[in-house]
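>>> Give me coordinates for this.
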Amino acid sequence: MFSLSDHPHRRYNPLTDEWVVVSPHRTKRPWQGQVEPPVPDTRPAYDPACYLCPGNPRAGGATNPAYTGTFAFDNDYAALMPDVPPGELSEGPAEGSPLLHAVAERGICRVLCYSPRHDLAIPQLAPEELRAVVDAWAAQYADLATHDWVRHVLIFENRGAMMGASNPHPHGQIWGTGFLPGVYAREHAAQLAYHSKHGRALLSDYVELELERGERIVCTNEHFVALVPFWAVWPFETLVLARLPATSLLELDGPARDGLAAILKALTTRYDALFQAAFPYSMGIHQAPTDGAAHPEWQLHAHFLPPLLRSATVRKFMVGFELMGEPQRDITPEQAAARLRELV
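Numbering: from 1, shown residues only. Modelled structure (predicted):
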């Protein structure tokens, strides 16, 4: 009899219209992959050389205020700029060719420091400190949406050197763009199509289904749930979903914002406990477009994509078939959820 826990199979991701190969039988093979030395996390509360600590000069020349809570500023080395005139571009002798197509784009890139403390991260922040971060995210989303050309706001964080974080000070980024980025655009199209067909939000139906089954749930509270999605690609990938209808952070009342802060702390604390080390990840919060229209198809959610596989020193690599074909995983989402769920 075919079993998802024993036999190779593919799983469909309705949120991006993509597939992932799952090979649970491969967890029994001997491991001879790369093992990297762990990086000790011994940071001071204040680092005079850190360009994000209060009162310190930044790399771009500005000086941080002596902030005591959250602190947001425009990125000194922004990937996108707001004063670039949008329009069609062409390249060399192939001007007008559809095969060489470029479009000028503008954007606003900001940095948000979560805390003045250099030695903290989301798992170590107090509930009221995390609530302040949630409020700052909402305020930045609302502020960037006031620009009539901004159509999308992405809040994200890269934690750990393994994920390319250039500074260990607790911080994330917020980018407002005039275009819908590729991953987000696929999610937008999928949710719009589902709502047009069923009259309900895709992720609202999905979270109800997962709560009924329970096997991929990591932790829950009254307002949010953290789970390993059925279609997860990364070994310990998770999805944080609002349990009640909410298209953006702006639709969360005070208790719901407290609930988001609590679920983020509960999830990331489990991450750190899994391998007894600061757990690297890329996190992104997806919300409705900022185009001024109503988006009942959207449900607020956050993705956590961590690279670790077997320990704090063994990561998952996307190579070979995964780069040239489609993603593949060994440990099943159900196994990953069980391991995270049992941690306190």
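>>> Only C-alpha atoms from now on, for both contacts and neighbour counts.
Will do.
>>> which helices and strands sit right next to the longest helix belonging to the chain?
Looking across the chain with DSSP state H, the single longest helix is helix 254-274. Here helix 254-274 touches helix 127-145, strand 217-220, strand 224-227, helix 333-341, going by 3 or more C-alpha pairs under 8 Å, 6 or more residues apart in numbering; DSSP states H and E.
>>> Of all these, which one is nearest residue 294?
Evaluated over those, closeness to residue 294 peaks at helix 127-145, with 13.6 Å, by C-alpha to C-alpha.
>>> for the closest residue to residue 140 other than its chain neighbours, what are its contacts?
Spatially, and ignoring its direct neighbours in sequence, residue 140 is nearest to residue 174 (7.5 Å; C-alpha to C-alpha, 6 or more residues apart in numbering). Applying C-alpha atoms under 8 Å, 6 or more residues apart in numbering to residue 174 gives the contacts 109, 110, 111, 112, 140, 153, 154, 155, 156.
>>> Can you get me a residue count around residue 66?
With neighbours defined by other C-alpha atoms under 10 Å, the count for residue 66 comes to 12.
>>> wouldn't it be in contact with residue 55 here?
Yes - taking C-alpha atoms under 8 Å as the definition, residue 66 is a contact partner of residue 55 at 4.9 Å.
>>> quick one: residue 271 from residue 219, how far?
12 Å (C-alpha to C-alpha, to the nearest Å).
>>> If you could redo that for residue 144, that was the one I meant.
Relative to residue 219, and taking C-alpha to C-alpha, residue 144 is found at 31 Å.
>>> So which of these two has more stuff around it?
residue 144 (23 against 20).
>>> And for that one, nearest residue in space, chain neighbours not counted?
Counting by C-alpha to C-alpha, 6+ apart, the residue nearest residue 144 is residue 176, at 6.1 Å.
>>> While we're on that neighbour, how confident is the model there?
Listed pLDDT for residue 176 reads 98.
>>> Can you tell me the number of residues neighbouring it?
28.
>>> Pick the most buried one from the helices and strands packed on helix 254-274.
strand 224-227 (a mean of 26; mean count of other C-alpha atoms under 10 Å).
>>> Neighbouring strands - and their directions - for the helix or strand that that one is followed by?
Later in the chain than strand 224-227, the nearest helix or strand by DSSP states H and E is strand 238-242. Paired strands of strand 238-242, with direction, are strand 224-227 (antiparallel), strand 301-305 (antiparallel) (DSSP bridges).
>>> what sits up against strand 238-242?
203, 207, 223-229, 232, 263, 299-305.
>>> Tell me the pLDDT of the nearest residue to residue 327 once chain neighbours are set aside.
Distance criterion C-alpha to C-alpha, 6+ apart; nearest residue to residue 327, sequence neighbours excluded, is residue 20 at 5.0 Å. Residue 20 is assigned a pLDDT of 97 by the prediction.
>>> Make sure residue 20 is indeed in a strand.
Yes - under DSSP: H, G, I helix; E, B strand; the rest coil, residue 20 sits within a strand.
>>> Could you pull up the residues touching it?
10, 11, 12, 13, 231, 232, 233, 326, 327, 328, 329.
>>> Give me the buried subset of those residues.
11, 13, 231, 232, 233, 327, 328, 329 (16 or more other C-alpha atoms under 10 Å).
>>> just curious, which of those is nearest to residue 75?
residue 233 (30.5 Å).
>>> hmm, back to that, of the buried ones among the contacts of residue 20, which pair is most distant in space?
13 and 329 (13.9 Å).
>>> Check the secondary structure at residue 298 for me.
Residue 298 - assigned by three-state DSSP - is coil.
>>> And it, how far from residue 205?
Applying C-alpha to C-alpha, the value for residue 298 to residue 205 is 12 Å.
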